[in-house]
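In: When you get a sec, could you give me coordinates for this:
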Amino acid sequence: MWPSLRSGDLAGVEPLAREPRPGEVVLARFDHALVLHRVKRCDAGVLALRGDNSPSDDPPLPPSRVLGLVRSVRRSGVVLNDDWDSGPSWLGRLRVVVKWRLAALLRRGGRS
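Out: Numbers count the residues shown, from 1 in each chain. As a prediction, this is how the structure comes out:
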């Protein structure tokens with residue numbers, strides 16, 4: 001979830017009282033792990049989540065698998081309430097595209 005969440009951050013999660021909205025960061029339970037990802041879409045009782053550093057959505061997830069909404073972040077001992085979520089910037093999106101394309105080029109080049 002970089003740049004919104006960084007290594008070592010502690011997320012304060014509160015239980016959901018409603019269905020999450022696009023743009024909000026939630027704690028969700030997948031079969032293999034708990035993740036903090038941003039809600040991209042809510043369609044027909046299924047959520048599409050994506051990490052800010054990911055080029056694609058996670059597998060579809062029912063709202064019942066969402067455990068809570070991230071409301072605050074503790075970073076270096078300081079609690080950040082409303083100003084922790086910078087969201088994915090254009091520079092962050094560009095960085096993800098470059099990273100994935102470079103990885104694809106390196107994989108292709110290693111198959112000679």
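In: Could you list the buried residues of the lowest-mean-pLDDT helix or strand in the chain?
Out: Of all helical and strand segments in the chain, the minimum by mean pLDDT, DSSP states H and E falls on helix 90-109, at a mean of 81. Neighbour-count burial for helix 90-109 flags residue 96 (criterion: 16 or more other CB atoms under 10 Å). Glycine gets a C-beta too; all of them are placed from N, C-alpha and C.
In: From the chain's centroid, how far away is it?
Out: Counting by CA atoms, centre = their mean, to the nearest Å, helix 90-109 is centred 18 Å from the centre of its parent chain.
In: list the helices and strands it packs on?
Out: On a contact count with 3 or more CB pairs under 8 Å, 6 or more residues apart in numbering; DSSP states H and E, helix 90-109 meets no helix or strand.
In: List the contacts of that helix.
Out: 2, 3, 52, 53, 54, 55 (CB atoms under 8 Å, 6 or more residues apart in numbering).
In: and what of stretch 65-75?
Out: Contacts of stretch 65-75 (CB under 8 Å, 6+ apart): 5-6, 8-16, 20, 24-30, 34, 36, 47, 79-81, 84-85.
In: among those, which ones are buried?
Out: Buried members of the contacts of stretch 65-75, counted by 16+ other CB under 10 Å: 5, 9, 11, 13, 20, 25-28, 36, 47, 84-85.
In: Pick out the most distant pair among the residues you listed.
Out: Spatial extent of the buried ones among the contacts of stretch 65-75 (CB to CB) is set by the pair 9 and 47 at 22.6 Å.
In: of the buried ones among the contacts of stretch 65-75, closest to residue 60?
Out: residue 47 (7.1 Å).
In: I'd assumed residue 35 was in contact with the closest one.
Out: No. Contact criterion CB atoms under 8 Å: residue 47 and residue 35 do not qualify, at 11.9 Å.
In: where do the contact lists of those two overlap?
Out: Common contacts of residue 47 and residue 35 (CB under 8 Å, 6+ apart): residue 28.
In: Tell me which residues touch residue 58, please.
Out: Residue 58 makes contacts with 30, 35, 37, 48, 49, 50, 51, as judged by CB under 8 Å, 6+ apart.
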